[in-house]
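Novice: sequence? don't have it. structure:
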Ligand SMILES: NC(=O)C1=CN([C@@H]2O[C@H](COP(=O)(O)OP(=O)(O)OC[C@H]3O[C@@H](n4cnc5c(N)ncnc54)[C@H](OP(=O)(O)O)[C@@H]3O)[C@@H](O)[C@H]2O)C=CC1
Ligand SMILES: CC(=O)N[C@@H](CCC(=O)OP(=O)(O)O)C(=O)O
């Protein structure tokens, strides 16, 4: 019997990418689609690439509309998911693509998001140590942020193996869809085109505590994170350049061996052959993650670079992958590692 799934936030970028993936998922039947300001609109007017759903009309995001589904995906702005989720029954699988349930530290939540902490749900990054076990059979999933997905996958093996010092430095570039579809002055075409710019500099970005949480868990001790995001003129993609001081005794060979082992059985994470570097174009529209490692002997640092599609592995693909695990389906169902090129 098909898994009936509702999508709240179906007019947005994350909701649209999720629907693209669910349309290709053999076990899922798409149920209610909801929006906010666009409720009452035809989906075809808002997401014209989703042809099979073009005639569907967006409904209001209410508990009544979302009732009667096996899975409810929440692709809503931060802070909007908790109120909706608490009105959904305990038997429904709720997959939150926003940030509301990602952090374990209530004080960090309040500092970075400025509202009361709603709680913590099993974290939808299956590749992290222990994550799959927590997702299996779960009725609640917190899908990671896009930058934390790229960065945590890049650095957790080094921390878990004790190869990296406790201060991680990360500079990551994101395409503009990461900022969502709602109009924002800094995302006007004339501001973004032909330019690359930093934002959230100096520890202010709300993904800093999420990255810190993941790397500290992998290390088994506190890790501090210097995270600088940048905006680049492309619609999709994240390239994360991550580095940390190498622990004593690290060599290029030992570093590579740790990453080969960490990702050997991962269906979506690919350690590239030596000499080949991750590129966002290679993972466009796919759930794949490209990773490459280097040991800079002169600087005494390890460098790990990862590339993801922020909308696919960075949100909707990660959500589907985690849903599959929670429902006991093959983890890769409905997901592809095949990108679009050129
Ligand atoms: N874009 C990305 O790369 C990623 C996004 N995410 C997360 O996914 C979530 C959605 O992001 P994204 O799709 O980019 O954002 P968008 O701005 O593109 O879409 C937001 C969606 O939420 C709906 N919405 C807005 N306000 C409300 C409200 N008060 N109640 C109910 N629905 C509301 C909008 O409806 P309407 O259009 O009808 O007003 C729209 O469907 C966010 O939490 C984001 O952090 C996570 C990882 C990556
Ligand atoms: C380019 C850009 O603006 N990106 C967003 C991150 C989007 C994302 O993945 O994260 P959330 O799910 O936490 O919103 C930002 O920096 O706020």
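Specialist: Looks like it came in fine. Quick caveat: nothing in here was measured; it's all calculated off a predicted structure. Residues are numbered from 1 along each chain as shown. Ligands and ions are numbered 1, 2, ... in the order given.

Novice: how much space between residue 218 and residue 338?
Specialist: 29 Å (CB to CB, to the nearest Å). C-beta here means a position set from N, CA and C on the backbone, and glycine is covered the same way.

Novice: show the contacting residues for the nearest residue to residue 280 once chain neighbours are set aside.
Specialist: Counting by CB to CB, 6 or more residues apart in numbering, residue 280 lies nearest to residue 237, which is 2.9 Å off, once chain neighbours are set aside. Residue 237 is in contact with 173, 174, 175, 280, 281, 283, 284, 307, 308, 309, 310, counting by CB atoms under 8 Å, 6 or more residues apart in numbering.

Novice: tell me the buried residues within the residues you listed.
Specialist: Among the contacts of residue 237, those classed as buried by 16 or more other CB atoms under 10 Å are 173, 174, 175, 280, 283, 284, 307, 308, 309, 310.

Novice: in CSV, list the residues you listed along with pLDDT and secondary structure.
Specialist: Output for these, formatted as CSV (pLDDT from 0 to 100; DSSP: H, G, I helix; E, B strand; the rest coil):
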residue, pLDDT, secondary structure
173, 98, strand
174, 98, strand
175, 98, coil
280, 98, helix
283, 98, helix
284, 97, coil
307, 98, strand
308, 98, strand
309, 98, coil
310, 98, coil
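
Novice: would you map the strands across this protein?
Specialist: For the chain, the strands defined by DSSP state E occupy 3-8, 28-35, 59-60, 71-74, 93-96, 140-142, 164-174, 197-198, 224-231, 238-246, 269-271, 289-296, 301-308.

Novice: can you point out the buried residues in the fourth one?
Specialist: Taking 16+ other CB under 10 Å as the basis for neighbour counts, the residues of strand 71-74 that come out buried are 71, 72, 73, 74.

Novice: isn't the first one right up against residue 320?
Specialist: Translated: residue 71. No. Taking contacts as CB atoms under 8 Å, residue 71 lies outside contact range of residue 320: 9.9 Å.

Novice: if we can go back for a sec, neighbour count: residue 218 and residue 338, which is higher?
Specialist: residue 218 (21 against 10; other CB atoms under 10 Å).

Novice: quick one: pLDDT of the more buried one?
Specialist: In this prediction, residue 218 carries a pLDDT score of 98.

Novice: re the thing from before, pick the one among the contacts of residue 237 closest to ligand 1.
Specialist: Of all the contacts of residue 237, ligand 1 sits closest to residue 310, with 4.0 Å by CB to the nearest ligand atom.

Novice: how about the residues of the stretch 51-200 of the chain near ligand 2?
Specialist: 99, 145, 146, 174, 178, 179 (CB under 6 Å from any ligand atom).

Novice: wait, the fifth one sits on residue 238?
Specialist: Yes. Judged on CB under 8 Å, residue 178 makes contact with residue 238 at a distance of 7.2 Å.

Novice: so what sits against both of these two?
Specialist: By CB under 8 Å, 6+ apart, residue 178 and residue 238 have these common neighbours: 146, 147, 310, 314.

Novice: who's in contact with the first one?
Specialist: Residues touching residue 146, when contacts are defined by CB under 8 Å, 6+ apart, comprise 174, 178, 238, 308, 310, 311, 314, 315.

Novice: excluding sequence neighbours, find me the nearest residue to it.
Specialist: residue 314 (3.3 Å).

Novice: what about the one you found, how many neighbours?
Specialist: 30.

Novice: enumerate every residue touching it.
Specialist: Here residue 314 is in contact with 145, 146, 147, 149, 150, 178, 238, 308 (criterion: CB under 8 Å, 6+ apart).

Novice: returning to what we had before: now distance to residue 118 too, for the buried ones among the contacts of residue 237, in CSV please.
Specialist: Below are these laid out as CSV (distance: CB to CB, whole Å):
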residue, distance to residue 118
173, 30
174, 25
175, 28
280, 32
283, 31
284, 33
307, 31
308, 26
309, 28
310, 23
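
Novice: make JSON lines out of those residues and add distance to ligand 1.
Specialist: Shown next, in JSON lines, are the buried ones among the contacts of residue 237 (distance: CB to the nearest ligand atom, whole Å):
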{"residue": "173", "distance to ligand 1": "13"}
{"residue": "174", "distance to ligand 1": "8"}
{"residue": "175", "distance to ligand 1": "8"}
{"residue": "280", "distance to ligand 1": "13"}
{"residue": "283", "distance to ligand 1": "13"}
{"residue": "284", "distance to ligand 1": "13"}
{"residue": "307", "distance to ligand 1": "14"}
{"residue": "308", "distance to ligand 1": "10"}
{"residue": "309", "distance to ligand 1": "9"}
{"residue": "310", "distance to ligand 1": "4"}
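
Novice: out of residue 178 and residue 238, which sits in the more crowded spot?
Specialist: Remark: of residue 178 and residue 238, residue 238 carries more neighbours, 28 against 22, as counted by other CB under 10 Å.

Novice: I figured residue 118 hits residue 84, correct?
Specialist: No. Applying CB under 8 Å as the test, residue 118 and residue 84 come out as separate, 10.8 Å apart.

Novice: run a quick neighbour tally on the nearest residue to residue 18 once chain neighbours are set aside.
Specialist: Using CB to CB, 6+ apart and skipping the chain neighbours, the partner closest in space to residue 18 is residue 316 (3.9 Å). Residue 316 sits with 30 neighbouring residues when counted by other CB under 10 Å.
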